[in-house]
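K.L.:
Okay, sequence plus prediction incoming.
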Amino acid sequence: MKPVPLANVAQLAEFDEIIDVRSPGEFAQDHIPGALNFPVLEDAERERVGTIYKQVSAFDAKKIGAALVSRNIARHIENYFVSKPRGWKPLIYCWRGGNRSGSLAHILKQIGFDTAQLDGGYKAYRRTVMDELDSLPGRFDFRVVCGPTGSGKSRLLQALMESGAQVLDLEGLAAHRGSVLGNLPDASQPPQKMFDSQLWWALQHFNPARPVYVEAESKKIGLLRVPDALLARMRKGGCVRVEVATPLRVVLLKEEYAHFLANPATLKEKLDCLAGLYGHEIIARWNALVEQGAWDELVLALLERHYDPAYGKSTLKNYPHYADTTPIVVEDISPAGFLAAAQRIREQP
């Protein structure tokens, strides 16, 4: 009986599917991008076996665990793996690359599938991600899209992507727009480890011979940290300066933050968080504009008092050549207008 071969993280692309056999809770915290979750122990089962292991004995825990694992593997085979062709090539992993992944990998191997087990499991994968997030950014020429709040930077990045450019959408990966009002209405931020994995995966698939466009960001996007090595490399990159007239910025912001206009109470809660910066009198004035539905006046006040001064100071600090960069002026904020702007940017040397 041949043992199940081991594979490393550098070989991920060689497999048809990556199977994560950890519990759903472990999988939700982080996993290899694209992996499928077929737990050999559910969360409650894993907790039960672990408790018996600590409080009773390893032998009793292994007996109970073996029965649970066997039942779960049988269910997965009947419901999913039975439909796979003989040539199917899966990679199996668990926390350390031990018993849980070994159990499923052994059975799939005996069935006749070209199965391998990830050497070191998720822990080895996580070490690789963190190590490579220190080195990968140095391979790329970043073109950093800069512009005040409401200048359509996210839309411009989308247009750049549609035009065929390489784009690193940090706010998309972080599910956050990067300000006090940045939470997305229909998505929570991922755990930090998941953000790291998605970022690593994106960098892995870029061509170092072509520029990578990215929006200027601070050290944190919402609750998530941007790797220091990536920030340092971005700040050495070229600056793409975007300018949009203030009235059009107001229009864009009302579109992008329409969920706050539809739920004024939530917007007022967010504005209250700024009381420490501007005092209760100003916050009361802004909240009054919310109650009146005076959206244009409110957005303009926030731009002039909060967003523009903070953005200007931060941008000049991190990208001192910003002020000397020839701007890309966007006068048409339709999708076609941003696509035309993207083409102009890509034509720049």
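P.N.:
Structure's in. What do you need? Just so you know, these numbers come straight off a predicted model, no measurement behind them. Numbering: from 1, shown residues only.

K.L.:
Which parts of the stretch 151-300 of the chain are strands?
P.N.:
Using DSSP state E, counting those that start in this stretch, the strands of the stretch 151-300 of the chain run over residues 166-168, 212-215, 220-221, 224-225, 238-243.

K.L.:
JSON lines please, covering those strands and showing distance to residue 144.
P.N.:
Using the backbone N, CA and C atoms, a C-beta is placed for each residue, glycine as well. Output for these, formatted as JSON lines (distance: least, CB to CB, whole Å):
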{"stretch": "strand 166-168", "distance to residue 144": "10"}
{"stretch": "strand 212-215", "distance to residue 144": "6"}
{"stretch": "strand 220-221", "distance to residue 144": "15"}
{"stretch": "strand 224-225", "distance to residue 144": "18"}
{"stretch": "strand 238-243", "distance to residue 144": "5"}
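
K.L.:
what sits up against stretch 221-229?
P.N.:
Contact with stretch 221-229 is made by 133-138, 170-171, 174-176, 178, 182-183, 189-190, 192, 195-196, 199, 217-220, as judged by CB atoms under 8 Å, 6 or more residues apart in numbering.

K.L.:
And for stretch 72-87?
P.N.:
Residues outside stretch 72-87 that contact it (CB under 8 Å, 6+ apart): 38-42, 45, 90, 103-104, 107-108, 111-114.

K.L.:
next one: stretch 335-342
P.N.:
By CB under 8 Å, 6+ apart, stretch 335-342 touches 152, 155-156, 158-160, 162-163, 165, 242, 328, 330-332.

K.L.:
quick one: residue 310 from residue 278, how far?
P.N.:
Look at residue 310 and residue 278: by CB to CB, to the nearest Å, they are 12 Å apart.

K.L.:
Low-confidence stretches in the protein?
P.N.:
Along the chain, segments meeting pLDDT under 70 span 1.

K.L.:
ok, longest helix in it?
P.N.:
Scanning the chain for the longest helix, with DSSP state H as the assignment, gives helix 58-79.

K.L.:
list the contacts for the residue nearest to the spatial centre of the chain?
P.N.:
Here the mean C-alpha position of the chain is nearest to the C-alpha of residue 173 (CA atoms, centre = their mean), at a distance of 2.5 Å. Contacts for residue 173 were tallied using CB under 8 Å, 6+ apart; they are 190, 195, 198-199, 202.

K.L.:
How about it, nearest residue that isn't a chain neighbour?
P.N.:
residue 198 (4.8 Å; CB to CB, 6 or more residues apart in numbering).

K.L.:
For the one you found, the count of nearby residues, please.
P.N.:
Residue 198 has 18 neighbours, counted by other CB atoms under 10 Å.

K.L.:
Residue 215 versus the closest residue to residue 237 other than its chain neighbours, what's the distance?
P.N.:
If the residues on either side of it in the chain are set aside, residue 237 comes closest to residue 142, at 3.4 Å by CB to CB, 6+ apart. As judged by CB to CB, residue 142 and residue 215 stand 10 Å apart.

K.L.:
Kindly report the same for residue 137.
P.N.:
For residue 137, the distance to residue 215 - CB to CB - is 15 Å.

K.L.:
Break the chain down into its domains, please.
P.N.:
6-130, 140-347 (automatic domain parsing).

K.L.:
Hmm, residue 219 is touching residue 231, no?
P.N.:
Yes. Residue 219 is within contact range of residue 231, at 6.6 Å (criterion: CB atoms under 8 Å).

K.L.:
Tell me which of the two has more neighbours.
P.N.:
Comparing residue 219 with residue 231 by neighbour count (other CB under 10 Å), the higher total belongs to residue 231, at 16 against 10.

K.L.:
Can you name the residues that contact that one?
P.N.:
Residue 231 touches 217, 219, counting by CB under 8 Å, 6+ apart.

K.L.:
That one and residue 322, how far apart?
P.N.:
With CB to CB as the criterion, residue 231 and residue 322 are 16 Å apart.

K.L.:
now do residue 188
P.N.:
Counting by CB to CB - residue 188 and residue 322 are separated by 32 Å.

K.L.:
between residue 142 and residue 215, which one's more packed in?
P.N.:
The neighbour comparison of residue 142 against residue 215 (other CB under 10 Å) goes to residue 215, with 24 against 20.

K.L.:
So what sits opposite that one in the bridge?
P.N.:
Following DSSP bridges, residue 215 is listed with bridge partners residue 145.

K.L.:
Who are the contact partners of it?
P.N.:
144-145, 153-154, 157, 169-171.

K.L.:
Rebuild those as JSON lines, extending it with neighbour count and distance to residue 349.
P.N.:
JSON lines is the format used below for the contacts of residue 215 (neighbours: other CB atoms under 10 Å; distance: CB to CB, whole Å):
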{"residue": "144", "neighbour count": "23", "distance to residue 349": "16"}
{"residue": "145", "neighbour count": "23", "distance to residue 349": "17"}
{"residue": "153", "neighbour count": "23", "distance to residue 349": "21"}
{"residue": "154", "neighbour count": "18", "distance to residue 349": "25"}
{"residue": "157", "neighbour count": "23", "distance to residue 349": "20"}
{"residue": "169", "neighbour count": "17", "distance to residue 349": "24"}
{"residue": "170", "neighbour count": "23", "distance to residue 349": "25"}
{"residue": "171", "neighbour count": "19", "distance to residue 349": "27"}
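
K.L.:
picking that back up, which one of residue 188 and residue 322 is surrounded by more residues?
P.N.:
Counted by other CB under 10 Å, residue 188 and residue 322 do not tie: residue 322 has more neighbours, with 19 against 11.
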